[in-house]
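Undergrad: Task: produce atomic coordinates for the following.
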Amino acid sequence: MKIIAIGGEPGCGKTTLMWKIIEQFKFEPKYENYKLVPYLQCENIYILGKYEKGEVFAGTDRMSMAVQPEAIKFLATLPEDSIVLYEGDRLFASSFLEDCVAKYETKIIYLKTDNKTRKERYKERGSEQNETWLAGRESKISNILTNFILMFNIETHQNNNLDEQGQVIDNIMSDINTWRYR
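TA: I've put the predicted structure just below:
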């Protein structure tokens, strides 16, 4: 199994990026649940999380806080040739990522944006997260980036504009197509 985990601080463009990947595969708006793990499926590609048209906060952010143990069980039920993508806070956590790295070929994509771009995005989407909460997210990401078990699986990508976003999407699509047709 191959896993692509996409993370970063709030406002770095994780959900927007995932929406664009979903559009490339023409996923039908079909949602199935494995206990607490909602997902989309297109052939052997699975996207974890909830994605409904018009949502600003989608993906794993719409999952239960208790999803990690169920997601581990869910991954174990998938065929070996599966490709799994996810983004967002619920599953972009050291313990879950460590489990993925130990069991599967895992690529961790860290999206990085400058402060000005992030603040503009907060304002555009009407985000009202307080500074303490945002600082907690920054600490969580910092801990993942310096985690010795994970650091060799992490790729950092700038995501400040559409050109940079296009490069990240091209990178992910290249991985998916390589893995799909091995």
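Undergrad: List the buried residues in the longest helix along the chain.
TA: Assignment by DSSP state H gives helix 162-180 as the longest helix of the chain. Residues of helix 162-180 classed as buried by neighbour count (16 or more other C-beta atoms under 10 Å): E164, Q165, V168, I172, D175, I176, W179. Any C-beta I mention is one placed from the backbone N, CA and C, and that applies to glycine too.
Undergrad: thinking in terms of the whole chain, how far from its middle is it?
TA: 14 Å (C-alpha atoms, centre = their mean, to the nearest Å).
Undergrad: what's the closest of the buried residues of helix 162-180 to S139?
TA: Nearest to S139 among these is V168, at 23.7 Å by C-beta to C-beta.
Undergrad: how many degrees apart are the helix or strand containing R121 and helix 162-180 in direction?
TA: Using DSSP states H and E, the element containing R121 is helix 115-125. On the basis of axes from the mean of the first three to the mean of the last three C-alpha atoms, to 10 degrees, helix 115-125 is oriented at 90 degrees to helix 162-180.
Undergrad: what does the helix or strand just after helix 115-125 contact?
TA: Counting by DSSP H and E, the element after helix 115-125 in chain order, helix or strand, is helix 131-145. Contacts with helix 131-145, where a contact means C-beta atoms under 8 Å, 6 or more residues apart in numbering, come from 7-10, 89, 92-94, 97, 108, 110, 150-151, 154.
Undergrad: In helices only, show me those.
TA: Residues of these located in helices (DSSP H): S94, L97.
Undergrad: now for the contacts of helix 131-145, which pair is the farthest apart?
TA: For the contacts of helix 131-145, and using C-beta to C-beta, no pair is farther apart than P10 and M151, which are 22.2 Å apart.
Undergrad: No more questions from me, cheers.
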